[in-house]
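In: Quick check, what structure comes out for this input:
(4 chains)
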2 protein chains.
Amino acid sequence: MGVKERRDREKENLRQDILDAASELFAKEGYANVSMRKIADKIEYSPTTIYLYFKDKIDLLNQICEETFGKLIETVSMIEAKGSDEPINCLQKGMRAYIEFGLKYPNHYEVTLITPIMDFLGKELHPYEGSSGQKAFEYIVRQVTGSMEKGQIEKGDVAAISQTIWAAIHGVTALLISHKDFPFVDKDVLIDKVISTTIKGLQT
Amino acid sequence: MGVKERRDREKENLRQDILDAASELFAKEGYANVSMRKIADKIEYSPTTIYLYFKDKIDLLNQICEETFGKLIETVSMIEAKGSDEPINCLQKGMRAYIEFGLKYPNHYEVTLITPIMDFLGKELHPYEGSSGQKAFEYIVRQVTGSMEKGQIEKGDVAAISQTIWAAIHGVTALLISHKDFPFVDKDVLIDKVISTTIKGLQT
DNA sequence: TAACTACACTTAACGCTGTTAAGTGAAAAA
DNA sequence: TTTTTCACTTAACAGCGTTAAGTGTAGTTA
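Out: Sure, this is the predicted structure:
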């Protein structure tokens, strides 16, 4: 009587096929340049089939991004899990991992963290609460707290400091992704400078 | 025989009307949510008339942004022109002016500096060369050079340091504009922290 | 004054877009 | 064997940016 089970499996397979096709297209051509019809063509189904699996285009995007950002969480979690490093070093390595992640998946980074996709009322369409983005930010908060307790950075408002760090790493990531025509200095030099300046600015 | 002159004047008036209408709509609803037909409705002309004055929608946007960013140049130029301040203070004030400008014109900031509007080949559609954006960046370079000469910040790669500063101020501006749902600390506290951390991180 | 020309502007249309409502056909259940 | 279920498709809607062709009026010329 495994009929339902088989059907569920088939549905899940198609769901994942759609996700994979969309992910590849979004990453290659950017969210705005990919139409539902293009995704449908790729998986050889009609465009409307996608709507049986995802609410709309933005829902498709959100689910892909959650999947992708899961990888960032994994990376930073590994830094932390080694347990051998001082919080200040975890923080530094986390900052680098964040930027490198953004540059590795520029289109995913773009759609989740750069491009503000708002509805007509100005409300964010991929909310922060419970997202992988939140988990990534919590990593920063944890390292800041730890560094502060060990006297490696100045004592102060943990939230404000964490957000300052986020601003720095988001700033450089976003600029490098969005302004390809700008004559940046060597990418690694710039990233190093951003990280070291921020850390130094926060030290006691 | 002022016929041609009058016609030129009328053309220029309509051009400015289009620019004003589009600017207001872009600022209020965001570039993506404003259609050529909406702009046309507002000025009570047919949509195609706009194409007699502007190449396409992105051209309209670029011209508006140049106009708006001219105001930022004016602001930072005034800081510099007073001549009484040390370069490090000019730099600090310039950073604040930049962020406040972005928050005052979030939609203009968004379309020019946050959202990367690329064509299908990934080339930027509003280029940097000769833009007001370039002039604004040159202001930073000037203050960094000045501060360095006076020993107010560490000696080093002027371009790398200038870009680090840009990353910091762009980062906080972009985050505040794009992630309205995020539980930021008080806006002014965060801005202060970003500026002070960056300056401190660069000091000797 | 009448015909002609220039040209600012409009109408109609093309090929896209995201999305929905209605319809189809095959497999499972009765 | 009939009925029901339901995954999927077809057709359509209303919108988009943009272009080609057409129109009407103001200015120029005869």
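
In: Show me which helix runs longest in chain A.
Out: When secondary structure is assigned using DSSP state H, the longest helix within chain A turns out to be helix A:3-29.

In: Show me which positions of that one end up buried.
Out: When burial is assessed from 16 or more other CB atoms under 10 Å in any protein chain shown, helix A:3-29 yields the following buried residues: A:14, A:18-19, A:21-23, A:25-27, A:29. (C-beta placed from N, C-alpha, C; glycine too.)

In: Which strands or helices does that helix pack on?
Out: Under the contact definition 3 or more CB pairs under 8 Å, 6 or more residues apart in numbering or on different chains; DSSP states H and E, helix A:3-29 sits against helix A:36-43, helix A:57-81, helix A:106-109.

In: Could you take those and lay them out as a markdown table, with extra columns for mean pLDDT?
Out: Formatted as a markdown table, the entries for these read as follows, by pLDDT from 0 to 100:
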| stretch | mean pLDDT |
| --- | --- |
| helix A:36-43 | 98 |
| helix A:57-81 | 91 |
| helix A:106-109 | 86 |
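
In: Can you pull out the low-pLDDT segments for chain A?
Out: Low-confidence regions of chain A, defined by pLDDT under 70, span residues A:1, A:116-130.

In: Which residues of it lie near DNA strand D?
Out: Those residues of chain A that sit near DNA strand D, judged by CB under 7 Å from any atom of the strand, are A:7, A:10-11, A:14, A:45-49, A:52.

In: Now residue A:82. Its backbone dihedrals?
Out: The main-chain torsion angles of residue A:82 are listed as degrees, to the nearest 10 and equal phi -60, psi -30.

In: gap between it and residue A:89?
Out: Look at residue A:82 and residue A:89: by CB to CB, to the nearest Å, they are 10 Å apart.

In: Just give me the neighbour total for the closest residue to residue A:108 other than its chain neighbours.
Out: Residue nearest to residue A:108 in three dimensions, not counting chain neighbours: residue A:68, with 4.5 Å by CB to CB, 6 or more residues apart in numbering or on different chains. Burial of residue A:68, expressed as a neighbour count using other CB atoms under 10 Å in any protein chain shown, amounts to 21.

In: Contact partners for residue A:68?
Out: Neighbouring residues of residue A:68 by CB atoms under 8 Å, 6 or more residues apart in numbering or on different chains: A:23, A:105, A:108, A:112.

In: Distance-wise, check it relative to residue B:94.
Out: Counting by CB to CB, the gap between residue A:68 and residue B:94 amounts to 36 Å.

In: Looking at chain A, what residue ends up closest to chain B?
Out: Taking CB to the nearest CB, chain B has its nearest neighbour within chain A at residue A:171, 2.4 Å off.

In: Would you list the phi and psi of that residue?
Out: According to degrees, to the nearest 10, the main-chain angles of residue A:171 amount to phi -60, psi -50.

In: out of everything not next to it in sequence, what's closest to it?
Out: Once flanking residues are discounted, residue A:171 sits nearest to residue B:171: 2.4 Å by CB to CB, 6+ apart.

In: need the contact list for the one you found.
Out: With contacts taken as CB under 8 Å, 6+ apart, residue B:171 has the following neighbours: A:166-172, A:174, B:194.

In: Those residues: which two are farthest apart?
Out: A:174 and B:194 (14.3 Å; CB to CB).

In: quick one: which of residue A:82 and residue A:89 has more around it?
Out: residue A:89 (15 against 9).

In: Then that one would be within a helix, right?
Out: Yes - secondary structure of residue A:89, determined by DSSP: H, G, I helix; E, B strand; the rest coil: located in a helix.

In: Now do it against DNA strand C, distance only.
Out: Per CB to the nearest atom of the strand, to the nearest Å, residue A:89 is found 44 Å from DNA strand C.

In: go on, residue A:133?
Out: For residue A:133, the distance to DNA strand C (CB to the nearest atom of the strand) stands at 22 Å.

In: show me the residues around that residue that make contact.
Out: Contact criterion CB under 8 Å, 6+ apart gives A:69, A:112-113 as the residues in contact with residue A:133.

In: and it, what element?
Out: Here residue A:133 is covered by helix A:132-149, with elements defined by DSSP states H and E.

In: just the angle between that helix and helix A:57-81, please?
Out: Here helix A:132-149 points in a direction 30 degrees away from that of helix A:57-81 (axes from the mean of the first three to the mean of the last three CA atoms, to 10 degrees).
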